[in-house]
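**Q** Take this sequence and fold it.
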Amino acid sequence: MFISPFYIEESMDKELLLERLKGLIDEKVSIAWNAMQAAQASANEESKSSAGDKYETGRAMAQNERDRYAQQYELLRQERLQLERKELTIPCQKGELGALIQANEEWFFIAISVGALEVEGIKIFVISPASPIGAQLLHKRAGESFLFNRKTYQIHSVS
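**A** I've put the predicted structure just below:
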């Protein structure tokens, strides 16, 4: 098997990665919840201190802001539920939900779309299976390669 000069002989603990991800999403859920509550309080306050058309405009703007945060909160809550799926903890032999893949010098974890996350000094791209690179990684095994953004990646490990 060809070993790239960028091959990193490191291992990554999937459970530790999942705990970091859960903590990150929990923090974002909390921020969205607090922002939603603050926007609701602002909308309620607007109804007490204003009158006429000015009241209607201010209240509508505050309600729109509250709705945006509520939507963000719900999306984050759904992502958090995704992180509880058993498939994410099971060792994988190929690119699929829950696969931790090392390709060239980079690490990818197929779960939810978060972007880059550093765990134990290792940068890991947490990606959705529906993302462009996630789609490239699906069904790939160690030893296989793929092309993404005009760069060839050699898969060194899948766990």
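
**Q** use CA for all of it now, contacts and neighbours both
**A** OK.

**Q** How about the residue nearest the centre of the chain: what's its closest non-neighbour residue?
**A** Nearest residue to the geometric centre of the chain (C-alpha atoms, centre = their mean): residue 114, 2.4 Å. Spatial nearest neighbour of residue 114, excluding adjacent residues (C-alpha to C-alpha, 6 or more residues apart in numbering): residue 126 at 5.4 Å.

**Q** doesn't residue 115 make contact with that neighbour?
**A** Yes - under the criterion of C-alpha atoms under 8 Å, residue 126 makes contact with residue 115 at 5.2 Å.

**Q** neighbour count winner among the two?
**A** Neighbour count, other C-alpha atoms under 10 Å: between residue 126 and residue 115, residue 126 has more, with 21 against 13.

**Q** ok, whichever strand or helix holds that one: who's next to it in the sheet?
**A** Element membership for residue 126, per DSSP states H and E: strand 122-127. Sheet pairing for strand 122-127, assigned by DSSP bridges, gives strand 106-110 (parallel), strand 115-119 (antiparallel).

**Q** hey, where'd the helices end up in this structure?
**A** Shown for the chain, the helices assigned by DSSP state H span residues 14-49, 52-82, 132-137.

**Q** picking up where we left off before, next one: the residue nearest to the centre of the chain from residue 141, what distance?
**A** Counting by C-alpha to C-alpha, to the nearest Å, the gap from residue 114 to residue 141 is 23 Å.

**Q** Buried ones in the lowest-mean-pLDDT helix or strand in the chain, by neighbour count?
**A** Across the helices and strands of the chain, mean pLDDT, DSSP states H and E gives its lowest value to helix 52-82, namely a mean of 86. Neighbour counts using 16 or more other C-alpha atoms under 10 Å place 55, 58-59, 62-63, 65-66, 69-70, 72-73, 76-77, 79-80 of helix 52-82 among the buried residues.

**Q** So which of these is the closest to residue 44?
**A** Using C-alpha to C-alpha, residue 59 comes nearest to residue 44 of the buried residues of helix 52-82, at 7.7 Å.

**Q** any idea how far residue 40 is from that closest one?
**A** Shown here: residue 59 relative to residue 40, a distance of 9 Å by C-alpha to C-alpha.

**Q** Break the chain down into its structural domains.
**A** According to automatic domain parsing, the chain comprises the domains 13-84, 86-159.
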